[in-house]
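> got a sequence here, can you build the structure:
(2 chains)
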Amino acid sequence: MAHDGPVSAGLHDCRNAWVETLEALAAEDERIVAVVNDSTGSSKLGGFQKKFPDRLINVGIAEQLMVGVGAGLANGGRIPFVSAASCFLTGRSLEQVKADVAYANFNVKLVGQSSGVAYGELGATHHSIEDFAWLRPLTNITVIAPADAWETAEAVKWAAAHEGPVYLRLSRMPVPNLDVPGRVFTAGKAELVRSGSDVTVIACGTTVHLAAEAADKLADKGLSVRVLNMATINPLDEAAVLAAARETGAIVTVEEASVRGGLGGAVAELTAGECPVPVERLGFPGFVPTGSTEWLFEEFGLSVPGISAAVRKVLDRVKR
Amino acid sequence: MTPKPETVELIREKALWMRRTAFGMVHKAQLGHPGGDFSAIDILATLYFGVMRYDSARPQWEDRDRFVMSKGHATGALYTALCAAGYFPESWLQTYMQPRSMLNGHPNRNYLPGVETNTGPLGHGFPVATGIAIAGQLTGAEYRTFVLTGDGEQQEGSNWEAAMTASFRKLENLTLIIDRNRLQQGQSTEVTSGMDPMDDKYRAFGFEVAMVDGHDVGALLEVLSASPKGRGKPLCVIANTVKGKGVSFMENQAKWHHAVPDDALYAQAMKELV
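I've put the predicted structure just below:
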């Protein structure tokens, strides 16, 4: 089927990469099924449903059941992709995610749609900025927030092939593909987006391209900024973080999530114990006001100027 | 179909061994949920020794019938059933609740063969069993899925989410069994958040409903062994049971939800369980 094309020149809605990849995989592997909570449209699974009507399992508006059914389908030898707005998928059914998927260690793929502040105007009930903090302690779950359409497709392929629970955190926010040559997706490994030696910006998901752009701007002013795409939040690529701490001496984390317990929290936990360096965490401080996604990004510094200011701030802390 | 007398006798023997062994585990560990173990044991014994198709040497056999123990706290019942079914040696039962034991207070499929899913928090088993049944329906598999919940457990809303989908999808391969002992951990279900009439509730949700004496092995065999083919709807078996069944001082006593015996009470129970 025809999916939406690029949203504007060079920008992509990563949900298209998600469904195109899933449909291609499902055509090859009949074990792949999708489970939704009346979220077929928002998950862009209409095409999947047309091609594989029996394999789109809509349980209705029932998130606890949705995740439990995912675990049961895995017990029955299926490979379920459980796809729903991430605020409900992780919040409403957190105990099912913990007990039925992570602790039971079933081969379930949770796909959080419209994560972060994609539903900015709808308010904090519909923001999903706590999901990293909720899922990080569930050690069996691999948590991946792809940075762009290419990485989304790679992450979906990896998740389908991987035996074990996965949480894919997708956005509906249009983003450009990263300009990194020769890319290879490896779950659990940071991707070097920009080399640098003065400071490291570690970002994930929708903020990685902003970090790269900030690094380019700062390079014009003589700063050498390393940028890591930390698509996998759990397990964290500890070696890459510690190398950044040792080699650049200062870290800025950037995520479309709460600054408590997410990527920034993970980096701070690790560096505090192993290689203490100043860490500035960019993200949301807690419940945030209503506003468009774009406004919220600007307001909370998830922007090229915001990241640049955080870099300067963390470097000031190094000097003190 | 009238059950064979020898099958009924075998199940009774297994159930007696399960009760004696489970109570010994609880006595040794000084932990457990013996009241709910004893209300459920005849149901588990009937499933494992008269109804289900499985091969304990191949716990992951694709076409095995599945049993999901949603009332996961009743591990005395589940572990003795799995042991008697040959999933692991009897010596493992001696480690019940000990540090690093594979026999947790609640079952873990990654530790123990035969455990279909991890349970403990209530209201999880029925949704997972619904997913297992959907997988079987999708692939045309022959297996049946059985899930046992407590009656108090039915207060969890997730059960009713599962009930709607199980009925809507006509999961005739799915059987919900409710251990209707009428006691939750503190008091009667009917003075907590009344469950009656449960049969009407499940009929209204589109289930075929059977009410049986949950300690009458013949009656359990008859309703659970009947072929589901052509039923066109899931089955709900409301098994009327007695919490602590078989031991005089435990029967119908809410405190035996998680009380444990001292040496004298253990000895008395062993005299009664013959």
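
> near chain B, which residues of chain A?
Contacts of chain A with chain B, taken as CB under 8 Å from any CB of the partner chain, map to A:33, A:54-55, A:57, A:59-60, A:62, A:64-65, A:67-78, A:80, A:95-96, A:99-100, A:103-106. In short, each C-beta sits where N, CA and C put it, glycine included.

> where along chain A do the helices fall?
A:14-28, A:46-51, A:63-75, A:86-91, A:94-96, A:131-135, A:149-161, A:208-220, A:238-248, A:263-274, A:293-299, A:304-319 (DSSP state H).

> for those, give me TSV that also has distance to B:Gln98 and mean pLDDT.
Below are the helices of chain A laid out as TSV (distance: least, CB to CB, whole Å; pLDDT from 0 to 100):
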stretch	distance to B:Gln98	mean pLDDT
helix A:14-28	44	97
helix A:46-51	48	97
helix A:63-75	28	98
helix A:86-91	34	97
helix A:94-96	26	98
helix A:131-135	31	98
helix A:149-161	37	98
helix A:208-220	48	98
helix A:238-248	33	98
helix A:263-274	32	98
helix A:293-299	51	98
helix A:304-319	49	97
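
> how many other residues sit next to the residue lying closest to B:Trp160 once chain neighbours are set aside?
With sequence-adjacent residues excluded and distances taken as CB to CB, 6 or more residues apart in numbering or on different chains, B:Trp160 is closest to B:Phe205, at 7.5 Å. For B:Phe205, the count of nearby residues is 19 (other CB atoms under 10 Å in any protein chain shown).

> got it, and B:Glu90?
Neighbours of B:Glu90 (other CB under 10 Å): 10.

> need the contact list for it.
When contacts are counted by CB atoms under 8 Å, 6 or more residues apart in numbering or on different chains, B:Glu90 touches B:Cys83.

> can you list the residues of chain B near chain A?
Taking CB under 8 Å from any CB as the contact definition, chain B meets chain A at B:62, B:66, B:108-110, B:116-121, B:123-124, B:126-136, B:138-139, B:141, B:157-158, B:161-162, B:164-165.

> show me which of the residues you listed are buried.
Neighbour-count burial (16 or more other CB atoms under 10 Å in any protein chain shown) applied to the residues of chain B next to chain A gives B:66, B:108-109, B:116-121, B:123-124, B:126-136, B:138-139, B:141, B:158, B:161-162, B:164-165.

> before we move on, back to that, out of the residues of chain B next to chain A, list just those in helices.
Residues of these located in helices (DSSP H): B:126-136, B:138-139, B:158, B:161-162, B:164-165.

> for chain B, give me its nearest residue in the stretch 101-250 of chain A.
A:Ala104 (4.0 Å; CB to the nearest CB).

> show me the contacts for the residue nearest to that residue when sequence neighbours are not counted.
Closest residue to A:Ala104 apart from its sequence neighbours, by CB to CB, 6+ apart: B:Asn118 at 4.0 Å. Shown in contact with B:Asn118 (CB under 8 Å, 6+ apart): A:Ala99, A:Asp100, A:Tyr103, A:Ala104, B:Gly72, B:His106, B:Pro107, B:Asn108, B:Arg109, B:Asn110.

> same check on A:Arg78?
Applying CB under 8 Å, 6+ apart to A:Arg78 gives the contacts A:Arg31, A:Ile32, A:Val33, B:Ala135, B:Leu138.

> B:Leu220: which of the residues you listed is nearest?
For the contacts of A:Arg78, the residue nearest B:Leu220 by CB to CB is B:Ala135; the value is 25.9 Å.

> look up the pLDDT of the residue nearest to A:Ala104 for me, please.
The model reports B:Asn118 with a pLDDT of 98.

> if we can go back for a sec, mind checking which of the contacts of B:Asn118 are buried?
By neighbour count, with 16+ other CB under 10 Å, those hold A:Ala99, A:Asp100, A:Tyr103, A:Ala104, B:Gly72, B:His106, B:Pro107, B:Asn108, B:Arg109 as buried.

> tell me the one among those residues nearest to A:Leu282.
Relative to A:Leu282, and with distances defined as CB to CB, the nearest of the buried ones among the contacts of B:Asn118 is A:Tyr103, at 32.1 Å.
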